[in-house]
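Enquirer: Sharing a model that was predicted from the sequence below.
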Amino acid sequence: QVQLVESGGGLVQAGGSLRLSCAASGGTFSTYVMGWFRQAPGKEREFVAYISVSGDLRSHARPVKDRFAVSRDNAKNTMYLQMMDLNPEDTAVYYCAAGGRYSTREDDYDYWGQGTQVTVSS
């Protein structure tokens, strides 16, 4: 069983950047597909990005495709989400997740972090 801890969230002005990290422990990080999801106030949690075990396959949701980039370092058991040109619509709690398949669906991920808050001011 793997434990996930997100970090790097905070308050940023519109147009700014943040890098989120997801540190894994207690399992074999390099065997999991990893994903990022987010949940804005009053909305359901939504897919942001996923990355394959080796990192050579990545997918990003359309609203973030040209601004966010997912990556991973298996040697450090860590996944990242580089976020650029942030806007207020990106305000949400961001969660990382680990699973066994490439998927945009929450149900396909088995392990979740506690989330990190990202707030973008206008």
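Expert: Done, it's in.
Enquirer: can you give me the strands for this protein?
Expert: 3-7, 10-13, 18-25, 33-39, 46-51, 58-60, 68-73, 78-83, 92-99, 109-112, 116-121 (DSSP state E).
Enquirer: count of neighbours near the closest residue in space to residue 99 that isn't next to it in sequence?
Expert: Closest residue in space to residue 99, ignoring its immediate chain neighbours: residue 109 at 3.8 Å, by Cβ to Cβ, 6 or more residues apart in numbering. (Glycine included, C-beta is placed from N, CA and C.) Burial of residue 109 is recorded as 23 neighbouring residues (other Cβ atoms under 10 Å).
Enquirer: quick revisit: take the strands of the chain and lay them out in a markdown table including mean pLDDT.
Expert: A markdown table is the format used below for the strands of the chain (pLDDT from 0 to 100):
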| stretch | mean pLDDT |
| --- | --- |
| strand 3-7 | 98 |
| strand 10-13 | 98 |
| strand 18-25 | 98 |
| strand 33-39 | 98 |
| strand 46-51 | 98 |
| strand 58-60 | 97 |
| strand 68-73 | 98 |
| strand 78-83 | 98 |
| strand 92-99 | 98 |
| strand 109-112 | 97 |
| strand 116-121 | 98 |
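Enquirer: How about the contacts made by the closest residue to residue 39 other than its chain neighbours?
Expert: Nearest residue to residue 39, sequence neighbours excluded (Cβ to Cβ, 6+ apart): residue 45, at 4.1 Å. Listed by Cβ atoms under 8 Å, 6 or more residues apart in numbering, the contact set of residue 45 reads 37-39, 95, 106.
Enquirer: Any chance of JSON lines for those, columns neighbour count and distance to residue 3?
Expert: Shown next, in JSON lines, are the contacts of residue 45 (neighbours: other Cβ atoms under 10 Å; distance: Cβ to Cβ, whole Å):
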{"residue": "37", "neighbour count": "25", "distance to residue 3": "17"}
{"residue": "38", "neighbour count": "24", "distance to residue 3": "20"}
{"residue": "39", "neighbour count": "14", "distance to residue 3": "20"}
{"residue": "95", "neighbour count": "23", "distance to residue 3": "13"}
{"residue": "106", "neighbour count": "16", "distance to residue 3": "18"}
